[in-house]
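**Q** Build me a model:
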Amino acid sequence: MEEFVVYILYSERFNKNYTGFTSNLIERFKSHNYLGTKRFTLKFRPWAVIHVEFFNSKSEAIKREKYFKTGTGRQFIQNLIQIYSWQDLYPPRRTRVQLPSSLQNKKHH
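**A** Next up is the predicted model:
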């Protein structure tokens, strides 16, 4: 059974968002960020995926995509963007991994 994904992209550089649906999120994301040569998403690259929802039918996905384009849906997206922006201000901590001494200074072949 084919699965459908409603996704929201955000261009922090241009403060723009884009909502769409697809049955192949990875390829669609590549198209928006790298492969596409026309349309709205080309002008505002790079894009980050800030929200996804999965559906069993195309009609359900289309209905949800249309919701995100209403006033209430746009407010939901603005709230997501605020959360996304806060994460940029306070990124998760990165910890340094220490290799065991038995693996240090060994040459890799």
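**Q** Buried ones in the helix or strand bottoming out on mean pLDDT in the chain, by neighbour count?
**A** Every helix and strand in the chain was compared by mean pLDDT, DSSP states H and E; the lowest is helix 71-89, with a mean of 84. With burial defined by 16 or more other Cβ atoms under 10 Å, the residues of helix 71-89 counted as buried are Gly73, Ile77, Leu80, Ile81, Tyr84. C-beta here means a position set from N, CA and C on the backbone, and glycine is covered the same way.
**Q** name the helices or strands packed onto that helix?
**A** strand 4-11, strand 16-22, strand 48-55, helix 58-68 (3 or more Cβ pairs under 8 Å, 6 or more residues apart in numbering; DSSP states H and E).
**Q** which residues are contacting that helix?
**A** Ile8, Tyr10, Glu12, Asn15, Asn17, Thr19, Ala48, Ile50, His51, Tyr67, Phe68 (Cβ atoms under 8 Å, 6 or more residues apart in numbering).
**Q** Turn those residues into TSV, columns for distance to Thr37.
**A** Shown next, in TSV, are these (distance: Cβ to Cβ, whole Å):
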residue	distance to Thr37
Ile8	22
Tyr10	21
Glu12	23
Asn15	23
Asn17	21
Thr19	21
Ala48	21
Ile50	24
His51	26
Tyr67	30
Phe68	25
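**Q** Could I have the buried ones of those as ChimeraX selection syntax?
**A** In ChimeraX, this line selects whichever of those come out buried by 16+ other Cβ under 10 Å:
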select :8,10,17,19,50,51,68
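**Q** and Gly20, how many neighbours does it have?
**A** Gly20 is flanked by 17 other residues according to other Cβ atoms under 10 Å.
**Q** and what of the one 10 residues further on?
**A** Other residues near Lys30 number 12, with proximity taken as other Cβ under 10 Å.
**Q** That one: helix or strand, and which one exactly?
**A** helix 25-30 (DSSP states H and E).
**Q** Okay then, goodbye and thanks.
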